[in-house]
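> Sequence and predicted structure below; questions after.
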Amino acid sequence: QCVSTANGDLTEQTTFGTYQGSAQTGCGSDLTLDYLINSGTTVTWDGSSGALQGEMEIESGGTLRVEGDVSLNSVSSFQNSGTLDSGSYNYTTLRNDNTEITTIAGKLENFADGIGEEAEFSYLNKIVRVGTNIYVIDGLRIRVLDPATGEVSTFKTSGESYDWIERLTTDGTDIYFTSYVSGGSSSGYKLFKLSVADGVVSELQTSGGSDNSSSSSNIIGLASDGTDLFVARYSYGSGTSGTQVSRIALQTGTLTSYTTTGGESLSYMSGMEKIGDSLFASSSSSIYEIELSGTSATVSKLSLSGIDNSTSVNFEKMTSSGNSLYLSGSSG
């Protein structure tokens, strides 16, 4: 890591002198290293030496002054807790400067299997990747996309009946989803498992807890870490209203309910992801952390930076990669 010790240019070794008793070497000339703009220093960068392959962080009290066309190796490599003096660049465009979007297959028109733009989607709703294939919820259908060839086909399912797929996740092998099923006294939100190997849909059976698969509580979040399935509900029951979180061991079906604390209550989530020992949920313009410890789930709202406070933001989709969350939405 290269830590700035003086004001100067990112590509000059003199900007990175002795830090914590050690002389820093290779800084400025080696852009595969990580660069930290230290508190009390101002570093300029014009991008003429190429893209930064390592990570970039501006510490609180530090300033990065962008004076040209700069780019980073990935959208997750830039963190800003200080000052970004970047002219036409802002936090979002700098992170996304080197991002390329390519159409693999399909167009929004009707419904047709095919390769590339010969394939058509009617109503793209949710998407999940299992192995090398991408599974797309297209209205009431499940479509399979092979990214290598661009071929889109309709995934044939059998077994339990279900309606509109509302929440969707995967453990890396199979797909888990929620759907509201009408059936007299058994009506309610149910959890289903879709076997990718043979297309069989089955209701997920649980044991050891009070939160059964079929419930009058609204399932608002679903996530998996590959071993367990995490379910967030909002209960409307008398005296029990609020956010409820449970964990289902996928190998055994054993269900463990968490006691929710923290003072925050979520009645809606646009997305939920599991990172480390916490669940992260997007809801309207906010991101929440649900920290899991033992049988306790502590809900807190994250403090966000890098967002223009003069505009309203609504987070609509969320996913994760490594320790980072990626969100899409609208602002106005």
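Yes, it's here. Residues are numbered from 1 along each chain as shown.

> Least confident secondary structure element in the chain?
helix 91-95 (a mean of 52; mean pLDDT, DSSP states H and E).

> neighbouring contacts of the next helix-or-strand element following it?
Where DSSP states H and E defines the elements, the next helix or strand beyond helix 91-95 is strand 114-115. Strand 114-115 is contacted from outside by 105, 120, 149-152, using Cβ atoms under 8 Å, 6 or more residues apart in numbering. (Glycine included, C-beta is placed from N, CA and C.)

> List only buried entries from those.
Neighbour counting by 16 or more other Cβ atoms under 10 Å classes 105, 120, 150-152 among these as buried.

> need the contact list for residue 178.
Residue 178 touches 165-168, 189-192, 219, 222, counting by Cβ under 8 Å, 6+ apart.

> Flag the least confident of these.
Ranked by pLDDT, the contacts of residue 178 bottom out at residue 189, which has 84.

> can you list the weak-confidence ranges in the chain?
73-76, 86-102, 184-185, 207-217, 237-241, 308-311, 332 (pLDDT under 70).

> what about residue 317, how many neighbours?
Each residue near residue 317 was counted by other Cβ atoms under 10 Å, and the total is 13.

> Could you check how far it is from residue 270?
For residue 317, the distance to residue 270 equals 7 Å [Cβ to Cβ, to the nearest Å].

> Check residue 253 too.
Distance of residue 253 to residue 270, given as Cβ to Cβ: 28 Å.

> So for those two, which residue has more residues nearby?
Using other Cβ under 10 Å as the criterion, residue 253 and residue 270 rank with residue 270 on top: 18 against 15.

> sec struct for the closest residue in space to that one that isn't next to it in sequence, please.
Nearest residue to residue 270, sequence neighbours excluded (Cβ to Cβ, 6 or more residues apart in numbering): residue 282, at 4.8 Å. Secondary structure for residue 282, judged by DSSP: H, G, I helix; E, B strand; the rest coil, is strand.

> if I read this right, residue 282 contacts residue 318, doesn't it?
Yes. With contact defined as Cβ atoms under 8 Å, residue 282 counts as touching residue 318 (4.4 Å).

> Could you name every residue contacting both of these two?
Listed as contacting both residue 282 and residue 318 by Cβ under 8 Å, 6+ apart are 270-272, 327.

> Show me which pair in those residues is furthest apart.
Across the shared contacts of residue 282 and residue 318, the longest distance by Cβ to Cβ is 12.2 Å; it joins 272 and 327.

> Excluding chain neighbours, what is closest to residue 6?
residue 15 (5.7 Å).

> What about that neighbour, how many residues nearby?
Number of residues near residue 15 (other Cβ under 10 Å) recorded here: 25.

> what's the span of stretch 175-191, first residue to last?
Stretch 175-191 has an end-to-end distance of 11 Å (criterion: Cα to Cα, to the nearest Å).

> Stretch 26-37 now?
End-to-end distance of stretch 26-37: 16 Å, with Cα to Cα as the criterion.

> Pull the residues that contact it.
By Cβ under 8 Å, 6+ apart, stretch 26-37 touches 1-4, 9-13, 15-16, 43, 49-59, 62-64, 82.

> Equivalent analysis for stretch 153-168, please.
The contact list for stretch 153-168, computed with Cβ under 8 Å, 6+ apart, reads 113, 125-126, 128, 135, 137, 140-144, 175-182, 189-190, 192, 194, 199-203, 219-222.

> Run a quick neighbour tally on residue 190.
Applying other Cβ under 10 Å, I find that residue 190 has 22 neighbouring residues.

> same check, this time on residue 183
Look at residue 183: counted by other Cβ under 10 Å, it has 10 neighbours.

> Leaving out sequence neighbours, find the closest residue to residue 105.
Looking at residue 105 with Cβ to Cβ, 6+ apart, the closest residue is residue 150, at 4.2 Å.

> Got phi/psi on that neighbour?
Recorded main-chain torsions at residue 150 are phi 80, psi 10, according to degrees, to the nearest 10.

> And it, how close does it get to residue 119?
Residue 150 sits at a distance of 8 Å from residue 119 (criterion: Cβ to Cβ).

> Mind listing the shared neighbours of these two?
The contact sets of residue 150 and residue 119 overlap at residue 105 (Cβ under 8 Å, 6+ apart).

> which residues in the stretch 101-250 of the chain form strands?
Assigned by DSSP state E, counting those that start in this stretch, the strands in the stretch 101-250 of the chain fall at 114-115, 124-130, 133-138, 141-146, 151-154, 158-159, 165-170, 175-181, 188-194, 200-203, 218-224, 228-235, 242-249.
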